[in-house]
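> Provided below are the primary sequence and the corresponding predicted coordinates.
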Amino acid sequence: MVAAGCLRNTSLTSTSYDAQPRLASTARPARRCSAVARAKSGQIEAAPAADYKLLGSGPKPFGVQPSSVLRLAAAAFPMIIRWGSGGFGLNYASSLVDDDGKYGVVKFGGKKVKETSQVAQFKRPAKLIEIYEFEGCPFCRKVREAVSILDLDVQYKPCPAGGPTWREEVKRTGGKASFPYMNDPNTGTKIYESDAIVQHLFKEYGDGNVPWGLRLGILTALSCTLALLPRLGVGSRYQKSKLPDKPLELWGYELSPYCKIVREKLVQMEIPFVQHTTVRGSPKRQLLVDKYGKFAVPYLEDPNKKVAMFESSDIINYLEQTYAA
């Protein structure tokens, strides 16, 4: 099933600008985990770039600002309705082991809770898969959950209603503005339909078996729709903006409410971004620990401005200040 949307007949233009971030924060160099981060024989590599500036103080302890309580509560609602789908890597497991100094979700008394999954055992796409979708679409959510369960790095091209850019690209490429739509350059596959996309992803980059939470037909569609109700309409309509020359890079995963509100803003502004998925059980979580001593998402890097930042509220403010038209 797909969700179709409105079209606006506007051509894509390249935009350049000199807007500078105005966050009240300190800046320090940051090593960069870029789009070339990839899996080779189960090993994750990251390309550093010393010229990036980290805006803010880095990853902070878990907390919620009073002004964001209701928004984050609504964004967390899918955790219940979708039974945690999109929050854990394929065949996730946890165990209590000795603390070796590496990432652990909880540490105490020389021990840590180690999280694992089978995602590193599967083939990783050599080229970024392109997915055209928007936050307010339940069928798009199903595909995003599949991306997170498989811990894939993909490029999202947001298609909010009224968006002048990527909706037109889908129409030119596939023949109709219907979503989600996927282009996998690794296999030459270009397809609509959420079920077909999910099956393709698990066949090519998983064990071939689609998890039960994604293959219940009408029940999956209904629960994905219910999961969106508290944030109904957010991330679905276009906000006029300036397109970046290069896609932004977001570290996160589907089930995180903090990541969701950042994705909503990216979608509204039609800003393309590479998602480096860091689902529970992802080996890529260690990359952020290596860089900053702690894992926290969302984490955003903007190669156009050479800046990086944590904290959802800071990221949203930055996007407004830098890319709002």
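Noted; the coordinates are in hand.

> Show me the helices in the stretch 151-300 of the chain, by range?
Assigned by DSSP state H, counting those that start in this stretch, the helices in the stretch 151-300 of the chain fall at 166-174, 194-205, 218-228, 257-268, 285-292.

> of all the ones you listed, which lies closest to Asp302?
helix 257-268 (11.3 Å; CB to CB). C-betas here are computed from N, CA, C, even on glycine.

> so what does the closest one touch, helix or strand wise?
On a contact count with 3 or more CB pairs under 8 Å, 6 or more residues apart in numbering; DSSP states H and E, helix 257-268 meets helix 69-76, strand 153-158, strand 248-252, helix 312-323.

> hang on, the earlier thing: so can I have a markdown table of the helices of the stretch 151-300 of the chain showing mean neighbour count and distance to Gly58?
Output for these, formatted as a markdown table (neighbours: other CB atoms under 10 Å; distance: least, CB to CB, whole Å):
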| stretch | mean neighbour count | distance to Gly58 |
| --- | --- | --- |
| helix 166-174 | 19 | 32 |
| helix 194-205 | 21 | 32 |
| helix 218-228 | 17 | 31 |
| helix 257-268 | 24 | 15 |
| helix 285-292 | 19 | 5 |
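
> ok, back up a step: could you export the helices and strands packed on helix 257-268 as CSV, including distance to Ala93?
Listed next are the helices and strands packed on helix 257-268 as CSV, based on distance: least, CB to CB, whole Å:
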stretch, distance to Ala93
helix 69-76, 24
strand 153-158, 22
strand 248-252, 22
helix 312-323, 29
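
> quick one: which of those is nearest Lys240?
helix 312-323 (10.0 Å).

> thinking in terms of the whole chain, how far from its middle is the closest one?
16 Å (CA atoms, centre = their mean, to the nearest Å).

> model confidence over it, on average?
For helix 312-323, mean pLDDT rounds to 96.

> okay, the helices and strands packed on helix 257-268 in JSON lines with mean neighbour count and distance to Tyr52 next?
Output for these, formatted as JSON lines (neighbours: other CB under 10 Å; distance: least, CB to CB, whole Å):
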{"stretch": "helix 69-76", "mean neighbour count": "16", "distance to Tyr52": "27"}
{"stretch": "strand 153-158", "mean neighbour count": "24", "distance to Tyr52": "19"}
{"stretch": "strand 248-252", "mean neighbour count": "24", "distance to Tyr52": "11"}
{"stretch": "helix 312-323", "mean neighbour count": "20", "distance to Tyr52": "14"}
